[in-house]
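In: how would this look folded up:
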Amino acid sequence: MEFAMCHPGLDQPQVTTKILRENGITLIESGADFFLNSDEDKIAQTAREFLANGISIRSIHAPFGSNYSLSNFDDAKREEAIQIHETLLYQTSLA
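Out: Below is the predicted model of the structure:
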């Protein structure tokens, strides 16, 4: 049986993977912040660290808040939110 959990931060992959492994966690969902605030190399390196430790980043939660609303009535704010989501989709494809 595999256990999964939501883990919002991936900033310290060596520490995080050790804790997750010790607790039998092999699948995680992460928050969007790491992917929106990290460069491509850091994302790829983190993903490799997780995979090397038998942990799969199975899903990424969309960002929270009105700044990320795809249904905003304000055209400029909605377009900005769309751009953020597009960036997130690209960044998560690196993991």
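In: The helix or strand of the chain with the lowest mean pLDDT: partners in the sheet, and parallel or antiparallel?
Out: Lowest mean confidence among the helices and strands of the chain (mean pLDDT, DSSP states H and E): strand 3-6, at a mean of 79. Neighbouring strands of strand 3-6 in its sheet, by DSSP bridges, are strand 25-30 (parallel).
In: returning to what we had before: which neighbouring elements make contact with whichever helix or strand comes after the least confident helix or strand of the chain?
Out: Per DSSP states H and E, strand 3-6 leads on to helix 13-22 as the next helix or strand towards the C-terminus. Packing contacts for helix 13-22, counted by 3 or more C-beta pairs under 8 Å, 6 or more residues apart in numbering; DSSP states H and E, involve helix 40-52. Any C-beta I mention is one placed from the backbone N, CA and C, and that applies to glycine too.
In: With just CA atoms, put the helix it packs on into PDB.
Out: Taking C-alpha atoms only, helix 40-52 is exported to PDB below (Å, rounded to 0.1, in the frame of the first residue of the first chain):
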ATOM      1  CA  GLU A  40      14.200  25.600 -13.800                       C
ATOM      2  CA  ASP A  41      17.400  24.100 -12.400                       C
ATOM      3  CA  LYS A  42      16.200  24.100  -8.800                       C
ATOM      4  CA  ILE A  43      12.900  22.400  -9.800                       C
ATOM      5  CA  ALA A  44      14.700  19.800 -11.900                       C
ATOM      6  CA  GLN A  45      17.200  19.100  -9.100                       C
ATOM      7  CA  THR A  46      14.500  18.800  -6.500                       C
ATOM      8  CA  ALA A  47      12.500  16.400  -8.600                       C
ATOM      9  CA  ARG A  48      15.500  14.200  -9.100                       C
ATOM     10  CA  GLU A  49      16.200  14.200  -5.400                       C
ATOM     11  CA  PHE A  50      12.600  13.100  -4.700                       C
ATOM     12  CA  LEU A  51      12.600  10.400  -7.400                       C
ATOM     13  CA  ALA A  52      16.000   9.100  -6.300                       C
END
